[in-house]
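> predicted model follows, preceded by the sequence.
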Amino acid sequence: MANWELKSCCNHDQKVFMATIGIFTIVIFALWRTILLMPFKLITVFLHEASHAIACKLTCGDVEGIQVHANEGGLTQTRGGIYWLILPAGYLGSSFWGMVLILASTNLLTAKIAAGCFALSLFIVLFVAKNWTLRGLCIGFIIFLAVIWLLQEYTKVRILRYVILFIGVMNSLFSVYDIYDDLISRKVNSSDAEKFAELCPCPCNGVGWGVIWGMISFVFLCGAMYLGLVILS
């Protein structure tokens, strides 16, 4: 039975889980502006754009192409679908996938499933990628995940769970930062939030929607840590 109240917290696994998230957070902030984090930042951009694409397909639209750029920008070309669902799906979707990856890391089987699904999604996106940055990112991370998987299976270097957790933490933190940078601290007229504000009849501008989406993304991150502790209890 699930220990929702987290009684007798924290056992060894829970302590390792929280400590690892804390260490990863420190490492990410320490290396934030270095080239070492660039591939993981671009993966977050990929998940942002992929979330737009998923929302488009779920609302019966067509995805004409996806781009990820080296300057941490991206573009998803869609036709049809429900636009007011597609627009917020980027920021909120990438935060959601960060939560999913964090939770998947709590168990080796779920970490393997997450790695397999992640690699499959990268392979599928290869067919709609419109620039070589995205193609290279997809190929590079498919190879990276395959190597980590082989190390997990055939050597004593068993780090698959930690890699999935790192990608999840990185994605969650970058999503919150990206929302703040793009939608709150500076007004980008072409941002998803500004476009959403134009569609929505609510008296709320792009910055307001940025604050709301940022709060939701932060809830995803906190929810991931709480549910992770429940799973490990």
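Sure, I can see it.
> tell me the mean pLDDT over stretch 163-180?
What stretch 163-180 shows for mean pLDDT is 88.
> who's in contact with it?
Here stretch 163-180 makes contact (C-beta atoms under 8 Å, 6 or more residues apart in numbering) with 20-21, 24-25, 28, 37, 40-41, 43-44, 47-48, 91, 94-95, 97-105, 111, 114-115, 118, 145, 148, 210, 213-214, 217-218, 220-221, 224. Bear in mind the C-beta positions are built from the backbone N, C-alpha and C, glycine included.
> filter those down to the buried ones, ChimeraX style.
Buried residues among the contacts of stretch 163-180 (16 or more other C-beta atoms under 10 Å), as a ChimeraX selection:
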select :20,21,24,28,37,40,41,43,44,47,48,91,94,95,97,98,99,100,101,102,103,104,105,111,114,115,118,145,148,210,213,214,217,220,221,224
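> strands - which of the contacts of stretch 163-180 land there?
Nothing among the contacts of stretch 163-180 maps onto strands, per DSSP state E.
> mind listing what's buried along the longest helix seen in the chain?
The longest helix of the chain (DSSP state H) is helix 206-232. Across helix 206-232, burial judged by 16+ other C-beta under 10 Å covers 206-214, 216-217, 220-221, 224-225, 227-232.
> so what's the gap between stretch 149-160 and the chain middle?
Centroid separation for stretch 149-160 versus its chain: 24 Å, with C-alpha atoms, centre = their mean, to the nearest Å.
> chain center to the helix or strand of the chain with the lowest mean pLDDT: distance?
Across the helices and strands of the chain, mean confidence by mean pLDDT, DSSP states H and E is lowest for helix 192-199: a mean of 80. A distance of 22 Å separates the centroid of the chain from that of helix 192-199, by C-alpha atoms, centre = their mean.
> just name whatever secondary elements it is in contact with.
helix 83-104, helix 206-232 (3 or more C-beta pairs under 8 Å, 6 or more residues apart in numbering; DSSP states H and E).
> worst average pLDDT in the ones you listed?
Across the helices and strands packed on helix 192-199, helix 206-232 has the smallest mean pLDDT, namely a mean of 89.
> show me what that helix is packed against.
helix 12-30, helix 83-104, helix 160-179, helix 192-199.
> among those helices, which is nearest residue 55?
helix 83-104 (3.5 Å; C-beta to C-beta).
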